[in-house]
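>>> how would this look folded up:
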Amino acid sequence: MTPLAQRDDTLREIMDDPDCDPVRLRRTLERFSLVNRLVAGWGTVYRTRIAPALRAAPGPVRILDIGCGGGDVLRMLVRRARRDGFDATGLGVDPDERGLAVACATPASGVTYRAARSADLVAAGERFDVVVSNHVLHHLSASEMTTLLDDSMRLTRRIALHSDIARSPLAYALYAAGITPLAPGTFLRTDGLRSIRRSRTAAEFAALRLPEWTVSRPVPFRVLLTHAVVSARDLPAAGARTHGEATP
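All right, here's what the predicted structure looks like:
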């Protein structure tokens, strides 16, 4: 059996250590902005899933990013929504204030950040039109992920989307080679490769039998969990599979 044949949930990322090098951590979070633009596929997800959901909203829209880290994904989504004419604001939450410090260092109109978890927002009765997370799920156990997904359904009025890495030997090899120019002075290479080994495949997500969530592969090397409150006809069917139909 190859090392990537099974998820390795024993690995820990360096940046999750509260005592890790703060300078290297800051550089890592700052460079995530470029890495996410190159490979995370949020432009496609915005165009095919988020924008159609926002068009069903009657007024101002709120976007929530859970585990926002440096905040680059949230800033991009709010910027795209505003460019498309939506009266959009965004909230990024993360329990790690080190990441929030990096996020707050890049202000964006309509975007705020808060040290909080999804459960805190549920308890406060908060609601959002769009709920997202990026590269959070591989950090979680099955029970922790179920809690996050349940919170997301309570928090969203329209759609919730959780994007993560889809583990594969090709993803591992390409990332190992491609990240090299960006990696010096950061945790990008070590933590990125560990993240891939911790990540679930689409088939593994499907095997969890998550009610009310669909599993899809909108872009290469990524898996997307979607819970849509809006009518299914408002979202594209191309490329999407139900949780029982996902393929590796």
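
>>> By residue count, what's the longest helix in this protein?
helix 22-39 (DSSP state H).

>>> Outside of the following helix or strand past it itself, list whatever touches it.
Next helix or strand after helix 22-39 toward the C-terminus (DSSP states H and E): helix 42-45. Here helix 42-45 makes contact (C-beta atoms under 8 Å, 6 or more residues apart in numbering) with 36, 73, 76-77, 80, 134, 161, 163, 218-219, 224. To be clear about C-beta, it is placed using only N, CA and C from the backbone, and glycine gets the same treatment.

>>> and these, which of them are in helices?
36, 73, 76-77, 80.

>>> and which of these is nearest to residue 199?
Of all the ones in helices among the contacts of helix 42-45, residue 36 has the smallest distance to residue 199: 15.3 Å, by C-beta to C-beta.

>>> hmm, back to that, what helices or strands is the longest helix of the chain leaning on?
Applying 3 or more C-beta pairs under 8 Å, 6 or more residues apart in numbering; DSSP states H and E, one finds that helix 22-39 contacts helix 72-83, helix 97-104, helix 188-198.

>>> Highest mean neighbour count across those helices, which stretch is it?
Mean neighbour count (mean count of other C-beta atoms under 10 Å) peaks for helix 72-83 among the helices and strands packed on helix 22-39, with a mean of 22.

>>> and the angle from that helix to helix 97-104?
For helix 72-83 against helix 97-104, the angle by axes from the mean of the first three to the mean of the last three C-alpha atoms, to 10 degrees is 30 degrees.

>>> Can you tell me which residue is spatially central in this structure?
For the chain, the residue sitting closest to the mean C-alpha position, by C-alpha atoms, centre = their mean, is residue 134 at 1.3 Å.

>>> Who's the closest spatial neighbour of that one, skipping the chain neighbours?
Closest residue to residue 134 in three dimensions, ignoring its sequence neighbours and counting by C-beta to C-beta, 6 or more residues apart in numbering: residue 73, at 4.7 Å.

>>> thinking again about what came up before, in the ones in helices among the contacts of helix 42-45, which has the lowest confidence score?
Of all the ones in helices among the contacts of helix 42-45, residue 36 carries the smallest pLDDT score, 90.
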